[in-house]
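Trainee: Would you be able to build a 3D model of this:
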Amino acid sequence: MRLTRPRRLGLAAFIALALAVFGLAPSAAAAPQPAELSFTTDAATTTPGGTVNLSMTMKNNQTYDIWFIYQSIDPTWLTTQRPDLKYSFTGCSLATDTGAVPCSGTGPANLGGNYGTTIPPGQSRTVTLTLQVAADSGCNGNIGFYSYFYAEFSDSTSLSGGPVFTPETRVLCA
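Mentor: Numbering: from 1, shown residues only. Okay, here's the model as predicted:
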């Protein structure tokens with residue numbers, strides 16, 4: 001009596017390998033993160049003396065409220081390699097239903113308080129930082145940042161995320 005089981009297993013393994021090699025194998029769908037941080041800018045370029053608004057949006061994809069957020073924002077390594085690029089965060093505002101309200105804690109600091117009170121499930125909060133490029137700044141370089149965040153939810157769970165990179169702003173010569 002011939003053994004067919006090893007042959008069947010070999011054939012199944014060969015088919016699975018062929019599908020994987022050609023990208024036809026079924027893949028597991030990634031579950032959405034419980035909290036998601038994203039960045040946008042209102043301009044891709046500026047000149048020395050100009051400003052760019054950098055908006056950070058924290059979205060709650062969880063079924064519980066976000067109670068607490070700690071967030072850092074730091075320049076990328078390439079940004080730090082250009083000492084002629086001079087910039088600072090000069091303003092911060094939180095978007096609310098009644099308009100923007102000022103916030104604080106800009107720069108490489110705890111930005112958690114800037115998102116206001118809790119973020120209910122399915123909702124988001126946006127904080128806009130004003131990036132001021134100094135009038136005597138060098139040009140033809142990119143300014144970019146990255147961020148890590150830590151969020152705590154009302155069900156006592158927490159999430160750490162990052163790095164999340166901002167779009168880069170190109171400082172152009174006039």
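Trainee: Return the distance of residue 96 relative to residue 144.
Mentor: 28 Å (Cβ to Cβ, to the nearest Å). Placement of C-beta: from N, CA and C, glycine included.
Trainee: for the protein, which spans come out with low pLDDT?
Mentor: 1-33, 104-113, 174 (pLDDT under 70).
Trainee: Residue 96 and residue 144 - which one has more neighbours?
Mentor: residue 144 (18 against 11; other Cβ atoms under 10 Å).
Trainee: out of everything not next to it in sequence, what's closest to the more buried one?
Mentor: Spatial nearest neighbour of residue 144, chain neighbours left out: residue 168 (4.0 Å); criterion: Cβ to Cβ, 6 or more residues apart in numbering.
Trainee: what about the one you found, neighbour count?
Mentor: Neighbours around residue 168, by other Cβ under 10 Å: 17.
Trainee: was I right about it contacting residue 146?
Mentor: No: Residue 168 lies out of contact with residue 146 (Cβ atoms under 8 Å); the separation is 10.9 Å.
Trainee: Now do the strands in the protein.
Mentor: Assigned by DSSP state E, the chain shows strands spanning 35-41, 45-46, 51-60, 66-75, 87-96, 99-102, 124-133, 141-143, 145-153, 158-165, 169-171.
Trainee: do you know which of these lies nearest residue 118?
Mentor: Residue 118 sits nearest to strand 66-75 of all those, at 5.6 Å, using Cβ to Cβ.
Trainee: Please determine how far residue 68 is located from residue 170.
Mentor: From residue 68 to residue 170 the distance is 35 Å (Cβ to Cβ).
Trainee: what residues are shared contacts of residue 168 and residue 146?
Mentor: residue 76 (Cβ atoms under 8 Å, 6 or more residues apart in numbering).
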